[in-house]
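**Student:** Okay, sequence plus prediction incoming.
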Amino acid sequence: MDNPFIAKLTRGVPLDARDKARLLQVMSRHREASPGVDLISEGDRPENVHLILKGWAFRYKMLADGRRQIMSILLPGDFCDLHVAILKRMDHSIGVLSKVTVVEIPRVTIEELTSGHPGIARALWWATLVEEGIMREWLVNMGQRQADRAMCHLFCELAARLRVVGLVQGSSYEFPLTQEDLGDLLGLSSIHVNRTLQELRGSDLISLQGGVLTINDEAKLAKMSGFKPDYLHLDAD
C-alpha cells in the first residue's frame, strides 16, 4: 500500500512519478500527537496545514454551555485544514482521537505545490470537493436519518474511506470513537447511543470489542442505512 495520502489522491487524479516524489519529500518530516490534545484550536492563527498520516483526528466546535459538536472525522491521508492558512483565525478546532502522526506543511509549500505541479493542484482540488461531499452527506445523516440508520451509515462510510488506505482487515477496522464521541457526532444522548449500539449488536449487524469494529454484513448495513458511496468518489478509473 502506498503512503495513505498518495493512495487517496490517486483514486481521484493520476499523479506522475515527479508529483509523488515531491509529495513524499514534503511528508518526510512529521511528529506525533496524543489523544485529547488539539492540533490547532478555534481562534488560532494558522501558519501550517496539517496532514494526518496515521491515527484519527476530528473537527469540532464547543458551544457556550460546554456541549461539543463533532463535524467530521479525519483519517490517514486526510488534510485537516487545506485552505485555512489563508484565514486570519481558525473558526473551529482540530482534536486528536487516537495517537496520530501528523505533517505540518507551511503555507509557502502549499503554494509551491499548487503552482508548480498541475497534477497535485488538481488532486488537492478533488480532495477538497470530496470533503465537501462528505459534509453534505453528514448533514443529511444528522438531520433526516433515524439513529440506527445514521450510525450504520457512518460505519459504512468509515469502512469505505479506510479501505482505500489499506486499513480494513476483512470486515474489521480500528475504531477509537467512544460512545460520547458518537453522541457528539450524531447529535444523540449517551443513553441513545448505547441503546442503538446494543440493538445493532443484538441484530448481529456489527460487533465492537477492544476498539475494533467488525461489520458482519456490510451489504445489509448499507441497504438498511441507504449508504451509497458515490459521494466519496473513490472508484478508481
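**Tutor:** That came through fine. Here the structure is a predicted model, which is why all the values come from computation and not from measurement. Numbering: from 1, shown residues only.

**Student:** Arg31 touches Val102, doesn't it?
**Tutor:** Yes - using CB atoms under 8 Å, Arg31 makes contact with Val102 at a distance of 6.2 Å. All C-beta spots, glycine's among them, are computed from the backbone N, C-alpha and C.

**Student:** Looking at these two, which is more packed in?
**Tutor:** Neighbour comparison, Arg31 and Val102: the larger count goes to Val102, with 22 against 10 (by other CB atoms under 10 Å).

**Student:** Can you show me the helices along the chain?
**Tutor:** Here the chain has its helices, by DSSP state H, at 4-9, 17-26, 107-116, 118-144, 147-164, 179-186, 190-202, 218-225.

**Student:** With respect to Gln209, which of the ones you listed lies nearest?
**Tutor:** helix 190-202 (9.7 Å; CB to CB).

**Student:** Does that closest one pack against any helices or strands, and if so which?
**Tutor:** In terms of contacts (3 or more CB pairs under 8 Å, 6 or more residues apart in numbering; DSSP states H and E), helix 190-202 is packed against helix 147-164, helix 179-186, strand 206-209.

**Student:** Same list, the ones you listed, but as JSON lines with mean neighbour count, mean pLDDT and distance to Ile73 please.
**Tutor:** Below are the helices and strands packed on helix 190-202 laid out as JSON lines (neighbours: other CB atoms under 10 Å; pLDDT from 0 to 100; distance: least, CB to CB, whole Å):
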{"stretch": "helix 147-164", "mean neighbour count": "21", "mean pLDDT": "96", "distance to Ile73": "7"}
{"stretch": "helix 179-186", "mean neighbour count": "19", "mean pLDDT": "96", "distance to Ile73": "7"}
{"stretch": "strand 206-209", "mean neighbour count": "15", "mean pLDDT": "95", "distance to Ile73": "16"}
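
**Student:** Please identify which of these is closest to Pro229.
**Tutor:** Nearest to Pro229, of all the helices and strands packed on helix 190-202, is helix 147-164, at 5.0 Å by CB to CB.
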